[in-house]
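Colleague: A structural model of the following input is requested.
(one chain, ligands or ions: 1)
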Amino acid sequence: MFPCPTSLVVTGTMEKANIVTIAWVSLLTSQPPTLGISVGTRGYSGEAIKSNKDFTVNIATVGIMIEADFCGIRSGRDIDKFSETGLTKMPSKIVRSPIIKECPLNLECRLTDWRIIGRTNHFVGEIVETHVDTDKLKDTGDIGSIDINAFDPLIYIGGVREYRRVGEKVGDPYQIGNRLKK
Ligand SMILES: Cc1cc2nc3c(=O)[nH]c(=O)nc-3n(C[C@H](O)[C@H](O)[C@H](O)COP(=O)(O)O)c2cc1C
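Modeller: Below you'll find the predicted structure:
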């Protein structure tokens, strides 16, 4: 599946937390707001999420590309990725796992279910709180009105393994298709 936003998943506490780079994030349902993340069984994060029972999903920007990549090539078993990258831990409002200040969008998730398929843990998280930097929103201030150029999300293209930024707008979803209506 490509492209994917590059997400930084944090699990732990303000005292000790780990960051893992995850491209496989899916929205599962909106009522209650729920997402799924796929986390390999060989890394540190899978077991950490199971014992913490919560995690946060933080959307990376092009501005923190090097730090985001670092969190995807090193393990929390060996190092503290917050101190190695200089990314800033901030307390969440509801869950124990912190959020990352440098990411303009943060989703606090409570672990509600999980299962292993193949070599991957599939975690289901209910989104219990959302934070967004207001300077990344359009004038309306509505959380759905992301100014995508100001946000500048770090896009991961699997397969060819490239990071990219979002290109230009080409149409209006749910409307443009009406042009085919007779
Ligand atoms: C761009 C990118 C995307 C990644 N996406 C995933 C993913 O969706 N699931 C996964 O399990 N690992 C993914 N990884 C690999 C993990 O981030 C990597 O194995 C990490 O070192 C595990 O860290 P941990 O041991 O601290 O959990 C990705 C890595 C990169 C660089």
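
Colleague: Off-centre distance for the lowest-mean-pLDDT helix or strand in the chain?
Modeller: Lowest mean confidence among the helices and strands of the chain (mean pLDDT, DSSP states H and E): helix 148-151, at a mean of 95. Helix 148-151 sits 16 Å away from the centroid of its parent chain (C-alpha atoms, centre = their mean, to the nearest Å).

Colleague: after it comes which helix or strand?
Modeller: strand 155-157 (DSSP states H and E).

Colleague: For that next one, which helices and strands make contact with it?
Modeller: strand 4-5, strand 162-164 (3 or more C-beta pairs under 8 Å, 6 or more residues apart in numbering; DSSP states H and E). The C-beta positions use only the backbone N, C-alpha and C, and glycine is treated the same way.

Colleague: The residue in the chain positioned nearest to the ligand: how many residues sit nearby?
Modeller: Nearest residue of the chain to the ligand: G72, at 2.6 Å (C-beta to the nearest ligand atom). Under the neighbour criterion other C-beta atoms under 10 Å, G72 is assigned a count of 17.

Colleague: where along the protein do the helices fall?
Modeller: Along the chain, counting by DSSP state H, helices occupy 45-52, 65-70, 81-85, 148-151.

Colleague: Now render those as TSV, adding distance to I176.
Modeller: TSV is the format used below for the helices of the chain (distance: least, C-beta to C-beta, whole Å):
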stretch	distance to I176
helix 45-52	39
helix 65-70	32
helix 81-85	40
helix 148-151	18
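
Colleague: Provide a list of residues in contact with the nearest residue to S26 once chain neighbours are set aside.
Modeller: In space, and not counting its chain neighbours, S26 is closest to G36: 4.8 Å by C-beta to C-beta, 6 or more residues apart in numbering. The contact partners of G36, taken as C-beta atoms under 8 Å, 6 or more residues apart in numbering, are 25-26, 28, 122-125.

Colleague: In ChimeraX, select just the buried ones from those.
Modeller: Remark: buried members of these, expressed as a ChimeraX selection using 16 or more other C-beta atoms under 10 Å:
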select :25,122,123,124,125
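
Colleague: could you dump the contacts of G36 to CSV with pLDDT and distance to the ligand?
Modeller: Output for those, formatted as CSV (pLDDT from 0 to 100; distance: C-beta to the nearest ligand atom, whole Å):
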residue, pLDDT, distance to the ligand
V25, 98, 7
S26, 97, 10
L28, 98, 15
H122, 98, 10
F123, 98, 10
V124, 98, 15
G125, 98, 14
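
Colleague: Same list (the contacts of G36) but as a markdown table, adding distance to Y174.
Modeller: Shown next, in a markdown table, are the contacts of G36 (distance: C-beta to C-beta, whole Å):
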| residue | distance to Y174 |
| --- | --- |
| V25 | 23 |
| S26 | 20 |
| L28 | 21 |
| H122 | 29 |
| F123 | 30 |
| V124 | 27 |
| G125 | 27 |
